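>>> need a structure here:
(one chain, ligands or ions: 2)
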Amino acid sequence: MSEQHSTPPLRLFNSLTRQQEDFVPVHTGEARVYTCGPTVYNYPHIGNMRAYVFADVLGRTLSFKGYRLSHVINITDVGHLTDDADAGEDKLERQAAKEARSIWDIAKHYTEAYWADIAALNIRAPMQWSIATDYVPQMIAFAEKIAPQHCYELDSGLYFDVSTVADYGRLARAATEEGEGRIEQVDGKRHPADFAIWRKTPLGEKRQMEWDSPWGKGAPGWHLECSVMSGALLGFPFDIHTGGIDHREIHHPNEIAQNQAFVEAESGCGCADLALDVPAHSGAKLWMHNNFLVERTGKMSKSSGEFLRLQLLIDKGYHPLAYRLMCLQAHYRSELEFSWDGLGAALTRLKRLVMAVASVRAQGAAAAAAGPKFAGHLARFDAAISDDLNTPVALTLLEEVVGLKKVDAGEKLAAIAAMDAVLGLNLLSLDRADLRIRPKAAGITEGEIEAVLVRRKEARAAKDFATSDALRDELAARGVEVMDGDVVLGWEWKLGE
Ligand code: AMP
Ligand code: ZN
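Numbers count the residues shown, from 1 in each chain. Ligands and ions are numbered 1, 2, ... in the order given. You can find the predicted model right below:
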């Protein structure tokens with residue numbers, strides 16, 4: 001799939017216009033994408049990682065459709081307050097105080113933890129990870145450029161006056177019809193939705209992270225960094241800006257307002273009417289948002305003791321790609337509810353795929369070109385993924401191909417490879433053994449379990465049910481639950497709750 005397809009066109013849902021639109025790149029043959037990255041004050045939870053699985057599938061789809069992809073994901077190591085608006089403390093400052101470490105240590109540790117999750121989920125590395133603190137001089141230059149027309153200074157910082165741009169908050173309004181995002185009180189703000197683009201260090205205080213600026217010592221506001229890094233690395237307008245759905249309410253409307261101001265200052269038109277009817281005025285043509293992963297008991301919250309991070313899933317014996325598959329089973333714009341049973345079902349589905357593909361590989365087949373037998377499936381796969389990234393349907397098409405009988409193994413492998421290049425389940429290199437992760441808490445080795453299961457199978461074959469039951473009980477006593485046999489997967493077991 002290397003040359004560019006013209007049919008079917010790639011259609012993507014734009015949160016700004018609330019409709020699906022044909023993807024028409026700003027630069028022929030290229031796709032430039034910016035993804036709001038993590039605030040590295042703690043481990044990401046698996047909900048956060050859904051945002052990057054989504055951005056990865058988008059990037060892989062653009063590559064599949066033949067576009068040359070330039071993807072940037074930022075790392076927020078300054079400026080994100082405990083509240084998304086202007087209230088509270090800097091998340092990194094607070095965590096550094098809590099852990100009694102320097103902010104730089106905190107940022108490094110949690111950035112590396114995030115990158116480990118990215119790799120475990122088979123998320124492709126972007127063209128560039130942009131680190132916010134590397135761009136502070138550019139942020140100051142950007143703020144100086146828009147300040148005369150759009151900002152005012154208070155004792156606490158430099159604020160953006162949202163009444164100076166056309167259509168402020170359209171992104172949020174379009175989505176919620178409730179007006180601008182949450183309203184925060186800061187003394188002296190002209191409008192509740194005005195936001196800080198530079199936060200001054202209060203007199204007599206010293207922050208771990210602060211820089212000199214025309215507005216005094218201080219630190220940039222969170223929204224400023226994404227405008228600056230996306231514009232600097234991808235150029236305004238670029239094609240697609242992504243983030244989680246919460247960003248649709250405050251962070252992205254504020255980025256858009258800054259971008260409008262900047263585009264206006266650059267054009268020198270002195271006009272304050274760069275209305276958002278022209279997509280390029282917002283800095284990016286398409287604004288895309290993934291819906292949330294939700295969990296009823298509140299384990300997603302980073303403030304709860306044992307929160308749902310990827311390592312917890314692995315510690316419990318689930319392969320991280322089972323979580324990726326779980327994400328793909330839902331459309332990115334639908335809410336997805338997390339449950340351990342759901343994750344278990346996703347792992348079983350992944351095991352079936354991996355075993356089936358491994359057996360095609362075992363036939364000694366090297367991927368050839370997908371043969372004519374697969375053309376229909378590939379066309380339907382292309383149609384599904386081009387329909388605003390319909391991964392649930394794309395997955396079933398992959399399974400259909402995997403299940404096709406009496407076909408050339410090399411051609412089949414090529415069709416699987418083309419589909420997996422989009423879905424990213426690593427099917428061409430995973431083996432069943434890779435998916436067997438011994439839970440951290442297991443007091444019994446996998447070999448011991450398997451040995452008991454072999455004895456149990458023999459007992460059942462000899463219709464010696466008393467021994468079979470006794471062996472099951474022996475395992476149960478050691479915390480291992482034997483599940484029903486499965487024709488494809490064989491005997492399965494899991495650690496009891
Ligand atoms: P943060 O590190 O808080 O800036 O969040 C990183 C990304 O995760 C952002 O794109 C958020 O919108 C997104 N996000 C946060 N919570 C969830 C969730 N429960 N499900 C999906 N995405 C989320
Ligand atoms: Zn951002």
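>>> What parts of this protein come near ligand 1?
36, 38-39, 47-48, 50-51, 243-244, 246-247, 290, 292-293, 300 (Cβ under 6 Å from any ligand atom). C-beta: built from backbone N, CA, C; applies to glycine.
>>> So which of these sit within strands?
243-244, 290, 293 (DSSP state E).
>>> contact partners of stretch 134-145?
Residues outside stretch 134-145 that contact it (Cβ atoms under 8 Å, 6 or more residues apart in numbering) are 78, 151, 158, 197-198, 211, 213-214, 220, 224-225, 227-229, 231-232, 258, 262, 265-266.
>>> Got the domain ranges for the protein?
Under the assignment automatic domain parsing, the domains of the chain span 11-147+223-294, 317-327+335-433, 442-495.
>>> What is the end-to-end distance of the first one?
End-to-end distance of domain 11-147+223-294 (Cα to Cα, to the nearest Å): 27 Å.
>>> does ligand 2 sit close to it?
Yes - Domain 11-147+223-294 comes into contact with ligand 2 (Cβ under 5 Å from the ion), by way of 36, 226.
>>> what are the ranges of the helices in the stretch 251-400 of the chain?
251-267, 310-315, 320-328, 340-362, 375-386, 391-403 (DSSP state H, counting those that start in this stretch).
>>> And those helices: which comes nearest residue 281?
For residue 281, the closest of the helices of the stretch 251-400 of the chain is helix 251-267, at 5.6 Å, according to Cβ to Cβ.
>>> list the buried ones in the closest one?
251-265 (16 or more other Cβ atoms under 10 Å).
>>> returning to that earlier point: narrow the contacts of stretch 134-145 to just the buried residues.
Looks like the contacts of stretch 134-145 have 78, 151, 158, 197-198, 211, 213, 220, 224-225, 227-229, 231-232, 258, 262, 265 buried, using 16+ other Cβ under 10 Å.
>>> how about low-confidence regions in the chain?
Low-confidence segments of the chain, defined by pLDDT under 70: 1-6, 79, 82-88, 174-185, 270-273, 303-306, 483-497.
>>> and the residue of it nearest ligand 1?
Nearest residue of the chain to ligand 1: residue 244, at 1.9 Å (Cβ to the nearest ligand atom).
>>> Run through the residues that contact that residue.
36, 47-48, 50-51, 289-290, 292.
>>> How about residue 212?
Counted by Cβ under 8 Å, 6+ apart, residue 212 has zero contacts.
>>> mind checking how far it is from residue 77?
Counting by Cβ to Cβ, to the nearest Å, the separation of residue 212 from residue 77 is 19 Å.
>>> and residue 13, that one's in a strand?
Yes - Residue 13 sits within a strand when classified using DSSP: H, G, I helix; E, B strand; the rest coil.
>>> Tell me, how many residues neighbour it?
Other residues lying near residue 13 total 18 when counted by other Cβ atoms under 10 Å.
>>> Bridged to it, which residues?
Beta bridges link residue 13 to residue 20 when assigned by DSSP bridges.
>>> My read is that it contacts residue 290, right?
No - at 10.7 Å, residue 13 does not count as touching residue 290 under the criterion of Cβ atoms under 8 Å.
>>> any shared contact partners between these two?
The contact sets of residue 13 and residue 290 overlap at residue 333 (Cβ under 8 Å, 6+ apart).
>>> quick one on the thing from earlier: can you say which of the domains of the chain is packed in most?
When the domains of the chain are scored by mean count of other Cβ atoms under 10 Å, the highest mean neighbour count falls to domain 11-147+223-294 (a mean of 20).
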